[in-house]
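# pasting the sequence and the predicted model now:
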Amino acid sequence: MIELRHVGKTYKTADSEIVALEDISISIQDGEIYGIIGLSGAGKSTLVRCINLLERPTAGQVFVDGNEITGMDRRKLLRLRRSIGMIFQNFNLLEQRSVLRNVTFPLEVSGVKGQEAGRRAMELLELVGLSDRAGFYPAQLSGGQKQRVAIARALATNPRYLLCDEATSALDPNTTRSILELLKKINQSLGVTIILITHEMRVIEQICDRVAVLGQSRIAEEGRVSEVLINPRSDIAKELILPEKKKGCEIYGGRRVRLTFHSAYSREPLISRMVLDCQAPVNILYADTKELGGEMYGHMIIGLPAEEHEADRILAWLKKSPVEWCEEV
Amino acid sequence: MFSEMLIKLWENGIILKGVWETIYMTTLSSLIAYIIGLPLGVVLSVTSGEGIRPIPWLNRVLGLAVNFFRSIPFIILMVAMLPVAKWIVGVSLGNRAMIVMLVIAATPYVARMVESSLKEVDSGVVEAAQSMGTGNQQIVWKVLLPEARPSLATGAVISMVTILGYSAMAATIGGTGLGQIAISYGHQRFQPDVTWCCVFLTVIIVQIIQELGAWTAKKIDKRRRG
Ligand SMILES: Nc1ncnc2c1ncn2[C@@H]1O[C@H](COP(=O)(O)OP(=O)(O)OP(=O)(O)O)[C@@H](O)[C@H]1O
Ligand SMILES: [Mg+2]
């Protein structure tokens, strides 16, 4: 288990102080895939680096498996880092080393003998589907392949945790999907706990169990992915989850309602029924359905009619219906 | 077509000896300058603010010393360092003194070259190594130096060419080589063709160093596709 308690990070520059993180308390359970989502500059990279102390928090404590690592001496910390793998947006492979020797790098560092290291590295390349590229150099690989090598390298020392800092942000949607599938496979077959940083909701949707939404340097909300997706409470979460809604809303001047459908009744023609029952027209501004862990859920934003009493009729109807809804402001 | 002097120098093998001495001086001085300058460059880069182990005071002291020697023109440095040469090799004239001068002048230059090569290494790669629990020493040996190899090779070529240039000037304190031939036969005895012959041979040596260096740098660089 990884636990952050009241972690804060302030960067001091020549003439100012930049608060990158403030009072972050989260705990990540073994075996889960934990997502952290936020806009650019929110502090995501800083947060994930506080977990293996590539960045020193300026406040609070970090615990890994119950041991406080913020107070550890350097030798212990170096050893601990071998149990926390990390992959990056830019892959960060050693350009002058072959694929195989990139994967053996962490093994060399931790003193594993050449032959043994080579064997282990081949196993890992097999796992990520690149055993035929062992002799290649990073410059000869595609972005997706580079990230696979980076994943193999991060797993070489059998870490229990894997930190991913925007690991798919430099990749196209298809490659992103296949890398995420690989991460899921690693999570399930090797039991590696994954902490994944991203600014893309679809990444969270595809593989995460729980998610923390990072606003400006603070956790805005946290919970199971399905809960946060279906019912985002913070403004920042709404913005991340329904990014397209803004445009439609700006165009439409009147009152708006956001509806959330669960799989239980997503097959019923609710909108049609509402319109028929209320005898009032509505504007559909945004609609989307998604599959999350095998369940369907949907979002819809409707514009209420300008006539006051018609709008009230619709709201009254919604109050009695099983749909979750709230009025947008 | 050629002056008698040039023909005589050629027939006596003095010119070829000069070529050999220039190559020998340059290579030996470069080697020694790298033996001292490479670690110095590593320390400069590692201890800098963006380095893996910032030590501001050490970085400042070394940086100042390097800048001090780098800002003195070679010809002045040479004169000023005569007593030092005498102290180190026992003489203040001739090839041995000259090597001392060349090393004193070239080492700070080499150190800066090495420093800038190491700073070119992507900080993300260093960070990745750190995330795997790599200690600083291993980062130097297994990440910084190997990743900077092509750039180090290119830097070595530039350093060698600079040292070769210095070696010609060192003829004024009794060093040998093409510079000395150009000065004492070409210049002082008014035989321009001797001077031009030395210029020509120097250009060829420089060219060979350049080509060899560029070829090596390219050969060892794995960043290209194909
Ligand atoms: N070394 C540093 N010195 C000063 N400020 C920094 C430093 N590193 C990060 N910051 C600041 O901390 C804040 C958070 O940065 P961080 O890189 O964690 O954001 P992020 O959420 O990862 O953004 P992105 O999605 O663009 O990668 C930013 O305002 C940034 O300017
Ligand atoms: Mg970032």
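It's in. Ligands and ions are numbered 1, 2, ... in the order given.

# switch to C-alpha atoms for all contacts and neighbour counts from now on
Fine.

# residues touching residue B:40, list them.
Counting by C-alpha atoms under 8 Å, 6 or more residues apart in numbering or on different chains, residue B:40 makes contact with residue B:111.

# check which helix or strand it maps to.
Following DSSP states H and E, one finds residue B:40 within helix B:14-46.

# and residue 181, what element?
I'll assume chain A. helix A:173-190.

# looking at chain B here, not the other one
Secondary structure assignment for residue B:181, by DSSP H and E: helix B:178-181.

# what lies in contact with that helix?
By C-alpha under 8 Å, 6+ apart, the surrounding residues in contact with helix B:178-181 are B:15, B:18-19, B:21-22, B:167-172, B:174, B:194-195, B:198, B:202.

# filter these by proximity to chain A?
Checking these against chain A by C-alpha under 8 Å from any C-alpha of the partner chain, not one of them is in range.

# just how off-centre is the helix holding residue B:181 within its chain?
19 Å (C-alpha atoms, centre = their mean, to the nearest Å).

# can you name the element that comes right after that helix?
Using DSSP H and E, the helix or strand that follows helix B:178-181 in sequence is helix B:192-220.

# between helix B:14-46 and that following helix, find me the angle.
40 degrees (axes from the mean of the first three to the mean of the last three C-alpha atoms, to 10 degrees).

# report the buried residues of helix B:192-220.
B:192-195, B:197-198, B:201-202, B:205-206, B:209-210, B:213, B:217-218 (16 or more other C-alpha atoms under 10 Å in any protein chain shown).

# residue A:14 - how many residues pack around it?
When counting by other C-alpha atoms under 10 Å in any protein chain shown, one arrives at 6 neighbours for residue A:14.

# how near is it to chain B?
Residue A:14 sits 13 Å away from chain B when distances are taken as C-alpha to the nearest C-alpha, to the nearest Å.

# quick one: classify that residue as helix, strand or coil.
Three-state call for residue A:14 (DSSP: H, G, I helix; E, B strand; the rest coil): coil.

# quick one: whichever residue of chain B sits closest to ligand 1 from residue A:15, how far?
Residue nearest to ligand 1 within chain B (C-alpha to the nearest ligand atom): residue B:50, separated by 9.8 Å. For residue B:50, the distance to residue A:15 equals 18 Å [C-alpha to C-alpha, to the nearest Å].

# shaky segments in the chain?
Went with chain A since none was named. A:242-251, A:263-267, A:293-294, A:329 (pLDDT under 70).

# nope, chain B
Using pLDDT under 70, the flagged stretches of chain B are B:225-226.

# got the residues of it near chain A?
Neighbours of chain A within chain B, by C-alpha under 8 Å from any C-alpha: B:122, B:124-125, B:127-135, B:138, B:143, B:146-147, B:221-226.

# show me the contacts for residue A:77.
Going by C-alpha under 8 Å, 6+ apart, residue A:77 touches A:69, B:133.

# what's the helix or strand for residue A:90?
Residue A:90 belongs to no helix or strand when elements are defined using DSSP H and E.

# for it, give me its contacts.
Applying C-alpha under 8 Å, 6+ apart to residue A:90 gives the contacts A:167, A:170, B:124.

# please report how far the residue in the stretch 51-200 of chain A positioned nearest to ligand 1 lies from residue A:236.
Here the residue of the stretch 51-200 of chain A nearest ligand 1 is residue A:199; by C-alpha to the nearest ligand atom that distance is 6.4 Å. Separation of residue A:199 from residue A:236 (C-alpha to C-alpha): 12 Å.

# strands of the stretch 51-200 of chain A, start to end?
A:59-64, A:67-68, A:84-88, A:161-165, A:193-198 (DSSP state E, counting those that start in this stretch).

# let's check: the centremost residue of the chain is which one?
With no chain named, the answer covers chain A. The centroid of chain A falls nearest to residue A:35 when counting by C-alpha atoms, centre = their mean (3.3 Å).

# oops, wrong one, chain B.
Central residue of chain B (C-alpha atoms, centre = their mean): residue B:159, at 3.5 Å.

# ramachandran angles for that residue?
phi -60, psi -40 (degrees, to the nearest 10).

# for it, which non-adjacent residue is closest in space?
Distances taken as C-alpha to C-alpha, 6 or more residues apart in numbering or on different chains place residue B:110 nearest to residue B:159, at 6.4 Å, with adjacent residues excluded.

# repeat that for residue B:147.
residue A:96 is the one closest to residue B:147 (C-alpha to C-alpha, 6+ apart), at 5.7 Å.

# can I assume that neighbour is in contact with residue B:221?
Yes. Counting by C-alpha atoms under 8 Å, residue A:96 does reach residue B:221; the two are 6.8 Å apart.

# neighbour count: the two, which is higher?
Between residue A:96 and residue B:221, counting by other C-alpha under 10 Å, residue A:96 is the more crowded of the two (21 against 17).

# contacts only, for that one.
Residue A:96 touches A:137, B:146, B:147, B:221, B:222, B:223, counting by C-alpha under 8 Å, 6+ apart.

# farthest-apart pair in these, please.
Farthest-apart pair in the contacts of residue A:96 is A:137 and B:146; separation 14.0 Å (C-alpha to C-alpha).

# comparing these two, which residue is more hemmed in?
residue A:137 (24 against 20).

# how much space separates that one from chain B?
Plainly put, residue A:137 is 7 Å away from chain B if you go by C-alpha to the nearest C-alpha.

# once you drop chain neighbours, what's closest to that residue?
residue A:98 is the one closest to residue A:137 (C-alpha to C-alpha, 6+ apart), at 4.5 Å.

# same question for residue A:27.
Nearest in space to residue A:27, with sequence neighbours left out and distances taken as C-alpha to C-alpha, 6+ apart, is residue A:3 at 4.2 Å.

# mind pulling up the phi and psi values for the residue nearest to the centre of chain A?
When quoted as degrees, to the nearest 10, the phi and psi of residue A:35 stand at phi -100, psi 150.

# which helix or strand contains residue B:85?
Assigning secondary structure by DSSP H and E places residue B:85 in helix B:82-89.

# who's in contact with that helix?
Identification of contacts with helix B:82-89 by C-alpha under 8 Å, 6+ apart yields B:91, B:92, B:96, B:97, B:100, B:101.
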